[in-house]
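*Asks:* from the sequence below, what's the structure:
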Amino acid sequence: VVDVVEGSALKALPMMSLQLLNRPTSFRTLRDAFRWCLGYGGSTKNVDSARISFPSQLKQQSNGSSNSNSNREGASSLFSFRCDVARTEPYWKEWYLGMSERFLSAKTSKALLLAGTDRLDTPLTIAQMQGKFQMVVFPNSGHAIQEDEPEKFTQVVHDFLARYVVQTR
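*Replies:* Predicted coordinates:
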């Protein structure tokens with residue numbers, strides 16, 4: 001599991017609606033979108049990762065301008081989010097309820113990769129102290145640890161798979 005914990009997710013839900021109200025609905029240019037993503041959006045701190053992943057979250061819309069510079073970045077376009085996350089709000093609680101129990105009851109080797117230990121809820125804290133799963137903390141990362149620290153993330157996943165997956169040759 002990557003940086004999602006039932007307890008902290010459920011506690012954060014009331015603030016999510018407020019956060020979405022403060023989220024821009026569109027950007028004049030991709031540069032404006034990147035500035036928001038890296039500064040206020042909180043999705044990633046890694047500029048290289050944002051350049052790869054963030055554009056796919058946006059769609060370009062013409063604003064009706066007949067500017068001769070229309071081929072230049074954002075000269076006659078707006079960029080808006082592809083997904084209206086607010087429309088998924090009725091399902092948020094359901095997504096997270098019971099997540100820790102389902103994770104802990106899985107009859108397999110498990111790893112929990114987190115940006116911080118403050119995200120652990122009580123069942124996970126107890127299970128981690130009992131050695132029931134591998135936990136790796138990425139303290140220099142935001143929520144998108146796979147983007148903020150791709151090399152470390154990849155190495156952790158690789159090492160986990162090498163340790164627990166049967167090699168077939």
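*Asks:* contact partners for the residue most central in space within the chain?
*Replies:* With distances taken as Cα atoms, centre = their mean, residue 144 lies nearest the centre of the chain, 4.1 Å away. Counting by Cβ atoms under 8 Å, 6 or more residues apart in numbering, residue 144 makes contact with 3, 43, 44, 49, 53. The way it works is simple: take the backbone N, C-alpha and C, and place the C-beta from them, glycine included.
*Asks:* most neighbours out of those, which is it?
*Replies:* Greatest neighbour count in those, by other Cβ atoms under 10 Å, goes to residue 44: 23 neighbours.
*Asks:* helices along the protein, start to end?
*Replies:* With helices called from DSSP state H, the chain shows them at 6-21, 30-36, 47-53, 92-96, 99-105, 122-129, 145-148, 150-164.
*Asks:* what's in contact with the shortest one?
*Replies:* The reference is to helix 145-148. Under the criterion Cβ under 8 Å, 6+ apart, residues 2-3, 43-46, 49-50, 53, 113-115, 138, 140-142, 153 lie in contact with helix 145-148.
*Asks:* follow-up on the earlier one: now the contacts of residue 144 as CSV including pLDDT and distance to residue 34?
*Replies:* Listed next are the contacts of residue 144 as CSV, based on pLDDT from 0 to 100; distance: Cβ to Cβ, whole Å:
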residue, pLDDT, distance to residue 34
3, 81, 22
43, 73, 11
44, 82, 10
49, 88, 11
53, 88, 11
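*Asks:* count of neighbours near residue 26?
*Replies:* When counting by other Cβ under 10 Å, one arrives at 15 neighbours for residue 26.
*Asks:* Provide a ChimeraX selection command restricted to the buried entries of the contacts of helix 145-148.
*Replies:* Selecting only the buried entries of those in ChimeraX, with 16 or more other Cβ atoms under 10 Å as the criterion:
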select :3,43,44,45,46,49,50,53,113,114,115,138,141,142,153
